[in-house]
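K.L.:
can't give you the sequence, but here's the structure:
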């Protein structure tokens, strides 16, 4: 019985209880959310239960979660360094990690990530197939549907908790994409390979056409399908265009079908979106996808800040979270330029956590507000220890305070406004 | 004749022409904006005209500007380092700098800043008096109104382009502040000293009571009064409270009076504001202050990120800018902890510029949209040189690209989605 099947039978599973406890929300609320598809639990049923694994729920009224992408590229393979990235991401507050490796021994890296992560692990299974074929000097366009489903099942059987599958790229969507020409086209790796496959084979997307097959595979593991946005806009000029919305509508239909069949899904979203269109994007997702959890990449509010896209996506993520996005995929300062290093992973997670927390504050979440209240009270009382403990990165706080003398910070010194005590 | 007096007589000054040219807006629009107080030009009439000084306009429909605060503290005095901060701030895109020095020879530092800055320079003149008295072992509470006005005039005669004066802290506002107790009270340095003065002397704020005197002084130099928000909220818990709004209403009355008398003003704003209250804060400022330019510090969307407040304020600044704020005061990663170093100044300016640009994109500013379009087009075409040139910090772009091989970035390598060309 999957979580959804249990929820529909009014059964509150131990997983639901665990999520309820972490969130400070009633288990019945969690059960209802899982039954109606507004909440998902990221966990492969066959994942070995370890004492330090944290069950993570995503969705309505829950704390806004942060995902960190790690993984190799063909030009950069170092498994022990990737391990450090996993640990760094979790240390600074990631609620999930996705292993997007495309270089080296991908199965081995995936195994390492699952073993080392205390939070749920996701992948884009097609990457594994793309790399395998590439190693054999073959093109993904020549892959069979069977190979695709085989790779998905293989990764789930390894223990992956959620899988991004680009089921929404249909022939119809590609037709729309071709008609209303984009500035930068498709920027999703998985999406671009699938589109190439479809155009080469003149066939419908097999992951869309055989969605029931996908459901049956994922159901065995009670994992979560993250319905990928292969047509997300990769620049401000392409935002919220017809192709993007067409795909979103398709994802909504698939979400409904999966829910009916007892499989949990969440919906992936953009991308590059200007501030004025972020609310619209969240509203449309909730509308077309029946309030399913919304998992956004950024969004980035401008294209011009490579080197600083943790900031552009913190702006967009905070706003999306306020309007109802449930899960923020971090973007690191390295985005668009190179693979992130450990410092980038750290800064990416912290920026996303700031965005998530700012959104929770704006939503009026009590626990989040209490943390701000506590820190500010400590600030008023010149209690540096407490401020440090409540700050988003205590070690950064400590480092910068080294210049501090006695009881005031070196910014104002004796002229500190708070010293006036008014 | 001041800019406002000229504007009211339908005269378009050479300064208005210059602003119009920079903004790509008609000079008549600028003239009207100055006449009705929705636009100000930051420039002391007696500033020596140098070839590289950039006239800066702030207000309705103009590009959103960024201010960088620099300056010493009693615990940290190094004039040549402050000079580097000025140059760094301007290099990375500051449209104005404020010298907030409170340590060392303040007159000498101010002179240095005016000499080295190619953008307008502002100060909080009271700091000069506070420090002078402190050196003589005297308290600001014992200062005379005459001393306050004397210091303001002295700094304007030195060539300062805009001055922050906390005229809005009235006895009535302090009564409200006392009644509805705040978590952190007054966090404005100038504001806290003035409040202390008022409570000690049991007298009204002399800068409010003798506002006409202030107007007459500033008018001589045709400088801009930045009506300070001494009661800005210093934490999320205190945001948009009665004391803050009372001060804002007072600032609106003063703004109207100054405009009538030919003196340009802008209104300073918070501070710490959650995302859900940022629109309200901008709307109230525009309403109570007759659409005068709004100059915001941040706003910071959470209290818990010391060490990362350039990010919290980029989130708030982008949103405030979208809703109509005109001028963003940067916040550096050092805020709440220590004086910023050069790296902090750089990162603070860049974060604010990202916020300002994101807001311009959302407002639909053509020039800003074109820059994003150009960068994304270059990205699609793997034109790294053009991407670098259009990016917010080309040297950071260059540094990170060092890992790049040939024509793809090391993030995806051969699997780059854009290589699929769909």
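P.N.:
Perfect, I can see it now. All values reported here derive from a predicted model rather than from experimental measurement.

K.L.:
distance between the ends of stretch A:220-237?
P.N.:
41 Å (Cα to Cα, to the nearest Å).

K.L.:
mind listing what's buried along it?
P.N.:
The neighbour-count check on stretch A:220-237 (16 or more other Cβ atoms under 10 Å in any protein chain shown) flags A:221-237 as buried. C-beta here means a position set from N, CA and C on the backbone, and glycine is covered the same way.

K.L.:
restrict those to those near chain B?
P.N.:
Restricting the buried residues of stretch A:220-237 to those near chain B by Cβ under 8 Å from any Cβ of the partner chain leaves A:234-237.

K.L.:
enumerate the residues of the stretch 101-250 of chain A near chain B.
P.N.:
So the stretch 101-250 of chain A meets chain B at A:102-103, A:127, A:130-131, A:134, A:174, A:177, A:183-189, A:191-193, A:195-196, A:199, A:234-237 (Cβ under 8 Å from any Cβ).

K.L.:
give me the subset of the residues you listed lying in strands.
P.N.:
Among these, none falls in strands (DSSP state E).

K.L.:
name the SS class of residue A:287, please.
P.N.:
helix (DSSP: H, G, I helix; E, B strand; the rest coil).

K.L.:
so what's the residue count around it?
P.N.:
12 (other Cβ atoms under 10 Å in any protein chain shown).

K.L.:
need the pLDDT of it.
P.N.:
Per-residue confidence (pLDDT) for residue A:287: 98.

K.L.:
same check on the one 3 residues further on?
P.N.:
Per-residue pLDDT puts residue A:290 at 98.

K.L.:
kindly report the same for residue A:422.
P.N.:
In this prediction, residue A:422 has a pLDDT value of 78.

K.L.:
my read: it touches residue B:192, true?
P.N.:
Yes: using Cβ atoms under 8 Å, residue A:422 is in contact with residue B:192, at 5.7 Å.

K.L.:
which neighbours do those two have in common?
P.N.:
B:185-186 (Cβ atoms under 8 Å, 6 or more residues apart in numbering or on different chains).

K.L.:
for stretch A:124-143, which positions count as buried?
P.N.:
A:124-134, A:140, A:143.

K.L.:
which of the residues you listed fall within helices?
P.N.:
Mapping the buried residues of stretch A:124-143 onto helices (DSSP state H) picks out A:125-134.

K.L.:
quick revisit: can I get the buried residues of stretch A:124-143 in a markdown table with pLDDT?
P.N.:
What follows is these, written out as a markdown table (pLDDT from 0 to 100):
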| residue | pLDDT |
| --- | --- |
| A:124 | 98 |
| A:125 | 98 |
| A:126 | 97 |
| A:127 | 96 |
| A:128 | 96 |
| A:129 | 97 |
| A:130 | 95 |
| A:131 | 94 |
| A:132 | 95 |
| A:133 | 96 |
| A:134 | 93 |
| A:140 | 96 |
| A:143 | 97 |
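
K.L.:
ok, so of those, who is nearest residue A:330?
P.N.:
Residue A:330 lies nearest to residue A:124 out of the buried residues of stretch A:124-143, by Cβ to Cβ, at 15.8 Å.

K.L.:
which residues in the stretch 151-300 of chain A form strands?
P.N.:
A:162-165, A:224-227, A:264-269, A:294-297 (DSSP state E, counting those that start in this stretch).

K.L.:
format the ones you listed as JSON lines; extra columns: mean pLDDT.
P.N.:
As requested, those are exported to JSON lines (pLDDT from 0 to 100):
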{"stretch": "strand A:162-165", "mean pLDDT": "98"}
{"stretch": "strand A:224-227", "mean pLDDT": "98"}
{"stretch": "strand A:264-269", "mean pLDDT": "98"}
{"stretch": "strand A:294-297", "mean pLDDT": "98"}
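
K.L.:
looking at the ones you listed, which is nearest to residue A:16?
P.N.:
strand A:264-269 (12.3 Å).

K.L.:
name the helices or strands packed onto the closest one?
P.N.:
strand A:39-41, strand A:224-227, helix A:242-260, helix A:275-288, strand A:294-297 (3 or more Cβ pairs under 8 Å, 6 or more residues apart in numbering or on different chains; DSSP states H and E).

K.L.:
direction included, what does the first one pair against?
P.N.:
Translated: strand A:39-41. strand A:57-59 (antiparallel) (DSSP bridges).

K.L.:
mean confidence score for the strand it pairs with?
P.N.:
98.

K.L.:
which residues touch that strand?
P.N.:
A:19, A:22-23, A:30, A:33, A:38-42, A:65, A:266, A:292-293, A:295, A:326-327.

K.L.:
which of residue A:422 and residue B:192 has more residues huddled nearby?
P.N.:
Neighbours were tallied for residue A:422 and for residue B:192 using other Cβ under 10 Å; the higher tally belongs to residue B:192 (26 against 20).

K.L.:
quick one, what contacts that one?
P.N.:
Counting by Cβ under 8 Å, 6+ apart, residue B:192 has contacts A:417-418, A:420, A:422, B:185-186, B:230.

K.L.:
switch to 7 Å and redo it
P.N.:
Shown in contact with residue B:192 (Cβ atoms under 7 Å, 6 or more residues apart in numbering or on different chains): A:417, A:420, A:422, B:186.

K.L.:
and if you look at residue A:152?
P.N.:
Counting by Cβ under 7 Å, 6+ apart, the residues that residue A:152 touches are A:125, A:163, A:165, A:214, A:217.

K.L.:
and with 10 Å instead?
P.N.:
A:123, A:125-126, A:128-129, A:160, A:163, A:165, A:207, A:213-214, A:217-218, A:223, A:225 (Cβ atoms under 10 Å, 6 or more residues apart in numbering or on different chains).

K.L.:
right, and out of the buried residues of stretch A:124-143, which lies closest to residue B:95?
P.N.:
residue A:124 (42.8 Å).

K.L.:
contact partners for the closest one?
P.N.:
A:69, A:71, A:98-102, A:130, A:155, A:163-166, A:188-191, A:226, A:228.

K.L.:
please see if stretch A:65-84 touches chain B.
P.N.:
Yes: Stretch A:65-84 reaches chain B (Cβ under 10 Å from any Cβ of the partner chain) through A:69, A:71-76.

K.L.:
please flag which of these sit within strands.
P.N.:
Those of the residues of stretch A:65-84 next to chain B lying in strands (DSSP E): residue A:69.

K.L.:
would you mind giving the residues of stretch A:65-84 next to chain B as CSV with neighbour count and pLDDT added?
P.N.:
Formatted as CSV, the residues of stretch A:65-84 next to chain B follow (neighbours: other Cβ atoms under 10 Å in any protein chain shown; pLDDT from 0 to 100):
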residue, neighbour count, pLDDT
A:69, 24, 98
A:71, 27, 96
A:72, 24, 94
A:73, 22, 90
A:74, 19, 87
A:75, 19, 84
A:76, 20, 85
